[in-house]
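[1] Sequence first, then the predicted structure:
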Amino acid sequence: MRFALLSAAGLLALTGATPAQAAASYAPLPPHNPYAGPDGTATMHGDTGSSDATPLPGPGAGSLTSHRTALASACPTVLVGGDGFPVALCTAIFGLTPTVHLLDPSTGESLAELPIAKGSLLGGVYAYLDDRDRLVAVDGERTLLRIAHRRTTSGDWELYVDSALPLTGAVPDGDAVTGISPDWQGRVWFATGGGVVGTANDRTGSVRSLALPAGEKIANSISTSPTGTAVATTHATYLLTATADGTPQVAWRQAYDRGPGRKPGQLSWGTGSTPTFFGPGTGIDYLTIVDNAAPTVSLLVYRAASGEQVCSVAVLQSGGSGSENSPIAAGNSVFIAGTYGYPYPKLPDDAGASVPTSGTFSGGLSRVDVRADGSGCDLKWDNKVRSAAVPRLSTADGLIHTVIRNPVVPGTNSTSVLDPYSYGEVDPETGKVVRTKYLGAGFVFDSLQMAGTIAPGRVVLQGTTTGVLRITAQ
């Protein structure tokens, strides 16, 4: 199998841009949240605005290498604190127990692990690192945890619960927290699968909540900015703020087209997006999601402060038109990855049947730009790149980094347990794949539409169904 390799100089010649120009094209990123860890590595989607962009560069020029840390777990969340240590929140293949791993920054091997109480399939997936490098997550017993790491007297590393705050008074029995994010007052916002949003102040023990309209579920994470907290339910997009005591209140609500049912390659009936803040002025001028319209989904862009819709643009027209992924957004540009037909080994218990009942994974990436005067949006390009991960845009190297799932039979849209996977770099100006590196084939390398993280030192950390890949250049 032959893979294209371009040097950094060749890549810049191809794009016609210098690194400084590439970075300037996708700026600014959302403002730094003082209660979160480093931008680009503090949350699954990079920052609390969920930009899926990072100021850190990916692997540089040179021969790419990869190393797999086998953890017998699916690892959707791999974060890196200010101390440089990666922290992964994984779900064990056997028993489905959420487990936190502290990884060696140099090798990716697990230094310590800590199981936490099991909840729903999506419960325990979303977490973030706070400003003290503690993993903040909600376990299956509906307790808000801050998990820290330290060396023991013997010199080994250990993970431990530094603080715990029960949310049982706000999260009903049978419900589970799906998304959390800190606000600019230091409170932790949370959202549940059953449609409850709330704030938790673990300094005072105060927990406040609001139930959204009956029938609206929350299947993705949430995003925070100085403007407010963004939540996408299975029916509508919300911006919420809080009263002085932390009680959530709705600033605006915008319904979207949720289609006739859950599409193949999605985990719920509705948007698959974690709502994303972006914009050329403050980095939070706009808010965006992808709807679930049939047969073709649309990118929806709103003014974050008012909820006024800026545009609705049909996307993922070349490949399968459906997305379970949060958009990448930076400056005026938004990038959407298609997941239509992606074969997940397990779905949430309440996912329901898909409409249609099956579909093939043809992939797809689209770029949409908001016009400079804010009068609307334009589709810039649309392709069939078969991204098998939530892509990450580096504003430092001007590339989109992802994993590509190739079919065993070239030229088809079939998927099988023997499929080969490659690390891929995509030129955001054209949508073309400019460099790849073969990672391996089969189930153990399936990145399962999970987000990768670019760590300091030009290292890509990518969760898979069985552990974490560490991709570097020599």
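    Nice, I can see it.
[2] can you tell me which residues contact the residue nearest in space to the middle of the chain?
    Of all residues in the chain, the one closest to the mean position by C-alpha atoms, centre = their mean is residue 45, 3.9 Å from it. Counting by C-beta atoms under 8 Å, 6 or more residues apart in numbering, residue 45 makes contact with 51, 52, 221, 223, 274, 276, 326, 390, 451. Just so you know, the C-beta spots here come from the backbone N, C-alpha and C atoms, and that holds for glycine as well.
[3] can you tell me how far the first one sits from residue 149?
    It stands for residue 51. 26 Å (C-beta to C-beta, to the nearest Å).
[4] So between those two, which is more surrounded?
    It is residue 51, of residue 51 and residue 149, that has more neighbours when counted by other C-beta atoms under 10 Å, with 30 against 21.
[5] For the chain, just list every one of the helices.
    Assigned by DSSP state H, the helices in the chain fall at 8-15, 19-25.
[6] Check the ones you listed for me: which has the lowest mean pLDDT.
    Lowest mean pLDDT within the helices of the chain: helix 8-15, at a mean of 38.
[7] OK, contacts around the residue nearest to residue 212 when sequence neighbours are not counted?
    Spatially, and ignoring its direct neighbours in sequence, residue 212 is nearest to residue 195 (4.4 Å; C-beta to C-beta, 6 or more residues apart in numbering). Residues in contact with residue 195 (C-beta under 8 Å, 6+ apart) are 211, 212, 213, 214, 215, 216, 217, 218, 233.
[8] how many neighbours does the closest residue to the first one other than its chain neighbours have?
    So the one you mean is residue 211. Excluding the flanking residues, the one nearest residue 211 by C-beta to C-beta, 6+ apart is residue 196, at 5.3 Å. Using other C-beta under 10 Å, residue 196 has 20 other residues around it.
[9] change the start of the numbering to 20 and stick with it
    OK, 20 is where the count begins now, so the last one is residue 215.
[10] measure residue 215 to residue 487 for me?
    32 Å.
[11] least trustworthy helix or strand in the protein by mean pLDDT?
    helix 27-34 (a mean of 38; mean pLDDT, DSSP states H and E).
[12] okay but residue 288 is in contact with residue 254, surely?
    No - assessed by C-beta atoms under 8 Å, residue 288 is found out of contact with residue 254, at 9.5 Å.
[13] Neighbour count for these two, which is higher?
    residue 288 (22 against 19).
[14] ok now do that one, which residues does it touch?
    Residue 288 is in contact with 253, 277, 278, 280, 281, 311, 370, 371, counting by C-beta under 8 Å, 6+ apart.
[15] try it again with 6 Å
    253, 280, 281 (C-beta atoms under 6 Å, 6 or more residues apart in numbering).
[16] can you tell me which residues contact the last one?
    If I follow you right, that is residue 281. Contacts of residue 281 by C-beta under 6 Å, 6+ apart are 288, 371, 373.
[17] what about the second one, how many neighbours?
    With neighbours defined by other C-beta under 10 Å, the count for residue 371 comes to 12.
[18] if you skip the residues just before and after it, what's nearest to it?
    Nearest to residue 371 is residue 281, by C-beta to C-beta, 6+ apart, at 5.7 Å.
[19] measure the one you found to residue 50 for me?
    With distances taken as C-beta to C-beta, residue 281 is found 35 Å from residue 50.
[20] bridging residues for residue 227?
    residue 218 (DSSP bridges).
[21] so it sits right up against residue 220, yeah?
    No - using C-beta atoms under 6 Å, residue 227 makes no contact with residue 220, being 8.6 Å away.
[22] Which pLDDT value does the model give residue 21?
    At residue 21, pLDDT is 32.
[23] the strands in the stretch 20-169 of the chain, which residues?
    72-73, 83-89, 92-99, 105-111, 117-122, 129-134, 147-148, 154-157, 162-170 (DSSP state E, counting those that start in this stretch).
[24] oh, I was asking about the stretch 220-369 of the chain
    225-230, 242-244, 247-251, 255-261, 267-274, 295-297, 305-309, 317-322, 328-333, 347-349, 352-356.
[25] Tabulate the ones you listed (CSV), appending distance to residue 422, mean pLDDT and mean neighbour count.
    Putting the strands of the stretch 220-369 of the chain into CSV (distance: least, C-beta to C-beta, whole Å; pLDDT from 0 to 100; neighbours: other C-beta atoms under 10 Å) gives the following:
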stretch, distance to residue 422, mean pLDDT, mean neighbour count
strand 225-230, 37, 98, 18
strand 242-244, 23, 98, 28
strand 247-251, 24, 98, 29
strand 255-261, 28, 98, 22
strand 267-274, 32, 98, 16
strand 295-297, 20, 98, 30
strand 305-309, 20, 98, 29
strand 317-322, 22, 98, 23
strand 328-333, 26, 98, 17
strand 347-349, 15, 98, 29
strand 352-356, 11, 98, 26
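[26] so which of those strands comes closest to residue 95?
    Of all the strands of the stretch 220-369 of the chain, strand 352-356 sits nearest to residue 95, with 15.1 Å by C-beta to C-beta.
[27] Skipping its backbone neighbours, what lies nearest residue 90 in space?
    Nearest to residue 90 is residue 486, by C-beta to C-beta, 6+ apart, at 4.1 Å.
[28] Please list all residues in contact with that neighbour.
    Contacts of residue 486 (C-beta under 6 Å, 6+ apart): 87, 88, 89, 90.
[29] Does residue 477 touch residue 80 like I think?
    No - using C-beta under 6 Å, residue 477 makes no contact with residue 80, being 10.2 Å away.
[30] of those two, who's got more company?
    residue 477 (18 against 14).
[31] Okay, now the unreliable bits of the stretch 370-493 of the chain?
    By pLDDT under 70, the stretch 370-493 of the chain has no low-scoring segment.
[32] Strands along that one, start to end?
    Under DSSP E, counting those that start in this stretch, the stretch 370-493 of the chain gives strands at 384-389, 396-402, 408-409, 411-413, 418-424, 439-445, 452-460, 469-474, 478-482, 486-492.
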